[in-house]
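Asker: Sequence first, predicted model second:
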Amino acid sequence: MSDDDRRRWNKKYAEAAPAELLQADEWLIDAVEGVPPGRVLELACGLGENAIWLATRGWQVDAVDVSAAGLHAASRLAARHQVTPRLIAGDLDRFLPLPNSYDLVVVFRFLDRHRLPGLVTRALVPGGLLVHETFGPGQCDRPDNHLKNPAFVLERNELPALYGELEVVRYEEAILSDRSVGRLIARQPAV
C-alpha cells in the first residue's frame with residue numbers, strides 16, 4: 001500500500017465519530033452463530049467493530065490494519081468493552097500470518113485479488129472458516145456510491161472463484177440499503 005493510501009485512511013479514521021454502540025456486520029454475526037470461539041484474524045479491520053465484537057464473545061483476536069488512527073479507535077473501543085484483542089499495525093502487502101494458525105479469518109469492505117487468497121489459505125487451520133464481504137456488482141451504479149476505483153468492486157460470482165481452494169459454505173450477492181455486496185462463507189478443507 002502506498003504512503004498516500006495510508007495517509008488517506010488515517011485521515012478518514014481520525015475524522016470518524018467514535019462508535020457509541022458495538023455493531024458488528026450482520027454477515028459476520030450470522031456466520032459465527034453456533035461456532036465455538038477460537039483464534040480469529042481480521043484483515044483490514046478499520047475501526048475494529050467486528051474484531052471487538054468477536055473478542056466480547058470469547059474469540060482470541062488478531063486484527064490488522066494499515067491505519068494507526070483506525071487502530072487507535074479500535075483500542076479505545078476495546079477498552080470500553082473490557083477486551084484485549086491484539087491490534088497489529090501492518091500493510092497487507094507485506095503482512096504474513098503464521099501458517100495454520102486461525103480458526104476464522106474475517107475480511108469486510110476490502111478486496112485485494114492477488115494477495116488475499118494466499119493470506120487466507122495460509123492462515124486458516126484445516127476446517128477453519130473465512131467470512132468475507134465486500135463491495136459487489138452494481139455498487140458503482142448506485143447514486144450513493146462513494147468508491148472512486150471500480151477495481152475495488154467484485155464481478156458477478158467472483159468471490160468464490162478467488163478462493164477456489166476453499167469449500168463454499170454460502171455465497172450471495174445482495175443489494176443492501178447502503179451498498180451492494182458479495183458475501184462468502186467458505187471452509188478450509190480438512191486434511
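Answerer: All right, it came through fine. Residues are numbered from 1 along each chain as shown.

Asker: shaky segments in the chain?
Answerer: 1-2, 5-6, 8-22, 139-150 (pLDDT under 70).

Asker: Quick check: phi and psi on the most centrally placed residue in it?
Answerer: The residue lying closest to the centre of the chain (CA atoms, centre = their mean) is Val107, at 1.9 Å. Main-chain torsions, Val107, degrees, to the nearest 10: phi -140, psi 130.

Asker: can I assume it is in contact with Val40?
Answerer: No: with contact defined as CB atoms under 8 Å, Val107 does not reach Val40; the gap is 11.4 Å. Bear in mind the C-beta positions are built from the backbone N, C-alpha and C, glycine included.

Asker: just to revisit the earlier point, distance of the residue nearest to the centre of the chain from Thr84?
Answerer: 22 Å (CB to CB, to the nearest Å).

Asker: repeat for Ser101
Answerer: On the measure of CB to CB, Ser101 and Thr84 end up 18 Å apart.

Asker: which of these two has more neighbours?
Answerer: Ser101 (15 against 12; other CB atoms under 10 Å).

Asker: Return the residues in contact with the more buried one.
Answerer: 39, 41, 123, 125 (CB atoms under 8 Å, 6 or more residues apart in numbering).

Asker: would TSV of those residues with distance to Leu159 be doable?
Answerer: Listed next are the contacts of Ser101 as TSV, based on distance: CB to CB, whole Å:
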residue	distance to Leu159
Arg39	23
Leu41	18
Ala123	17
Val125	21
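
Asker: Do a quick rundown of the helices in this protein.
Answerer: With DSSP state H, the ranges of helices along the chain come out as 3-15, 26-32, 49-56, 68-80, 116-123, 158-162.

Asker: hang on, the earlier thing: looking at neighbours, which among the contacts of Ser101 is most surrounded?
Answerer: For the contacts of Ser101, neighbours tallied by other CB under 10 Å; top is Leu41, 28 neighbours.

Asker: for it, which residues make a bridge with it?
Answerer: For Leu41, the beta-bridge partners under DSSP bridges are Asp62, Val105.
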